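Student: when you get a sec, could you give me coordinates for this:
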Amino acid sequence: MAKSLFQEVRANKVKSVVIMLFFLVMISCLGVLAGAIYGDIYFGAILAIIISFIYLLIGYYSGDSMILSMSGAKEATKKEYPHLVNTVEGLAIAAGVPTPKAYVINDSARNAFATGRDPKHSSVTVTTGLLEVLNREELEGSHVKNYDIRFMLVCVIFVGIITLLSDFILRSFLWGGRGRSDRKDAGNLTLIFIVVGIVLAILAPLIGQLIHLAVSRRREFLADANGAVLTRYPQGLANALKKIAKDPDPLVDNANRATAHLFISTPFRKRKSFVTNLFSTHPPIEERIRRLEEM
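Tutor: The predicted model follows:
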């Protein structure tokens with residue numbers, strides 16, 4: 001098991017690099033297209049990269065605090081939530097990482113998530129609904145150790161950048177760009193350029209989002225495996241997922257599409273259809289339970 005897990009971690013690192021390069025290429029292409037609309041493709045590409053870098057820095061260093069604020073999370077104290085704080089401290093010692101801060105969301109839904117850019121700047125958030133039904137063994141199992149939280153945070157930021165650039169390009173086509181008047185004599189070539197640009201601007205954020213969701217689903221299995229290895233008790237996490245699956249009202253009130261992938265299970269009401277499965281941030285919980293019980 002350990003060997004296959006390490007192979008999976010190594011493969012995930014390679015895939016992560018490839019995905020990051022893909023996002024950068026897509027952003028550069030959108031920058032070139034935006035620059036072409038206004039008459040300077042080099043300026044457009046450079047400007048897109050600069051804006052992306054600034055946006056990435058802001059999101060990377062303040063994204064976790066914004067997520068916690070959006071979720072309505074409050075920091076847990078040992079006096080009020082000793083069970084949670086002691087569990088988080090024990091897991092951090094076992095994993096050999098700094099102790100994450102513990103937060104609680106006052107919500108009846110059974111869910112939890114981890115966020116932060118690295119183990120030194122990380123936090124674990126649990127809903128009051130989950131705290132009420134889980135014992136210590138079921139509560140254990142954090143996704144902080146394998147840096148999933150950092151990678152998924154960056155993915156969200158890149159998808160946001162692509163969406164902003166695409167929206168800018170579409171608005172430029174609608175309102176007219178300075179560079180278009182210089183190409184009136186290009187005839188059919190200009191028309192093709194406009195059509196390709198519009199299609200790219202529409203599809204780019206959709207493609208980016210689908211890649212992000214596919215990566216999120218795939219890494220959820222690895223995060224489960226890492227949590228099981230860390231606690232040395234896969235059945236504990238499997239039992240926790242069973243209780244989460246039986247949640248009569250899984251909707252987390254303050255959850256949204258931007259933060260859904262962080263949760264241990266989808267924070268929305270479950271609807272089974274091809275479209276909802278395609279845009280799901282998590283693999284089927286039954287499959288996750290089966291894999292844990294086979295470990």
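Student: report the buried residues of stretch 36-49.
Tutor: Neighbour counts over stretch 36-49 (16 or more other C-beta atoms under 10 Å) mark 36-38, 40-41, 44-45, 48 as buried. For the C-beta atoms, the positions are set from N, CA and C on the backbone; glycine is no exception.
Student: scratch that, stretch 121-139 is what I was asking about
Tutor: Using 16+ other C-beta under 10 Å as the test for burial, stretch 121-139 gives 121-127, 129-131, 134, 138-139.
Student: next: stretch 241-260.
Tutor: Within stretch 241-260, the residues that qualify as buried are 241-242, 244-245, 247, 250, 252, 255, 259-260, counting by 16+ other C-beta under 10 Å.
Student: and for stretch 104-116?
Tutor: For stretch 104-116, burial by neighbour count (16+ other C-beta under 10 Å) applies to 104-105, 107-116.
Student: stretch 54-70 now?
Tutor: Of the residues in stretch 54-70, 56, 59, 63-64, 67-68 count as buried by neighbour count, 16+ other C-beta under 10 Å.
Student: residue closest to the middle of this protein?
Tutor: For the chain, the residue lying nearest the average C-alpha position, counting by C-alpha atoms, centre = their mean, turns out to be Met152 (3.8 Å).
Student: any regions of the stretch 51-200 of the chain where pLDDT drops low?
Tutor: Counting by pLDDT under 70, the ranges of the stretch 51-200 of the chain that qualify are 141-150, 173-194, 196-197, 200.
Student: show me where it has its helices.
Tutor: Here the stretch 51-200 of the chain has its helices, by DSSP state H, counting those that start in this stretch, at 82-95, 128-133, 136-139, 148-175, 188-231.
Student: just put those helices in a markdown table and tack on distance to Gly31.
Tutor: Converted to a markdown table, the helices of the stretch 51-200 of the chain look like this (distance: least, C-beta to C-beta, whole Å):
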| stretch | distance to Gly31 |
| --- | --- |
| helix 82-95 | 40 |
| helix 128-133 | 43 |
| helix 136-139 | 45 |
| helix 148-175 | 7 |
| helix 188-231 | 11 |
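Student: figure out which of these is closest to Met20.
Tutor: Met20 lies closest to helix 148-175 among those, at 7.3 Å (C-beta to C-beta).
Student: OK, contacts around Ala48?
Tutor: Shown in contact with Ala48 (C-beta atoms under 8 Å, 6 or more residues apart in numbering): 27-28, 30-32, 34-35, 165.
Student: which of the residues you listed are buried? Put it as a ChimeraX command.
Tutor: With 16+ other C-beta under 10 Å as the burial test, the buried ones among those are selected in ChimeraX as follows:
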select :27,28,30,31,32,34,35,165
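Student: for the contacts of Ala48, give me TSV that also has secondary structure and distance to Glu286.
Tutor: What follows is the contacts of Ala48, written out as TSV (DSSP: H, G, I helix; E, B strand; the rest coil; distance: C-beta to C-beta, whole Å):
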residue	secondary structure	distance to Glu286
Ile27	helix	37
Ser28	helix	41
Leu30	helix	39
Gly31	helix	43
Val32	helix	45
Ala34	helix	44
Gly35	helix	48
Leu165	helix	38
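Student: nearest to Val229, of the contacts of Ala48?
Tutor: Nearest to Val229 among those is Ile27, at 35.5 Å by C-beta to C-beta.
Student: need the contact list for the closest one.
Tutor: By C-beta under 8 Å, 6+ apart, the contact set of Ile27 is 48-49, 52, 158, 161-162, 165.
Student: turn those into TSV, including distance to Tyr233.
Tutor: Shown next, in TSV, are the contacts of Ile27 (distance: C-beta to C-beta, whole Å):
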residue	distance to Tyr233
Ala48	48
Ile49	46
Ser52	42
Phe158	36
Ile161	40
Ile162	40
Leu165	46
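Student: just put the buried residues of stretch 241-260 in CSV and tack on secondary structure.
Tutor: Formatted as CSV, these follow (DSSP: H, G, I helix; E, B strand; the rest coil):
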residue, secondary structure
Leu241, helix
Lys242, helix
Ile244, helix
Ala245, helix
Asp247, coil
Pro250, coil
Val252, coil
Ala255, coil
Thr259, coil
Ala260, helix
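Student: can you list the residues you listed in CSV and add pLDDT?
Tutor: CSV is the format used below for the buried residues of stretch 241-260 (pLDDT from 0 to 100):
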residue, pLDDT
Leu241, 88
Lys242, 89
Ile244, 89
Ala245, 88
Asp247, 89
Pro250, 87
Val252, 88
Ala255, 81
Thr259, 76
Ala260, 78
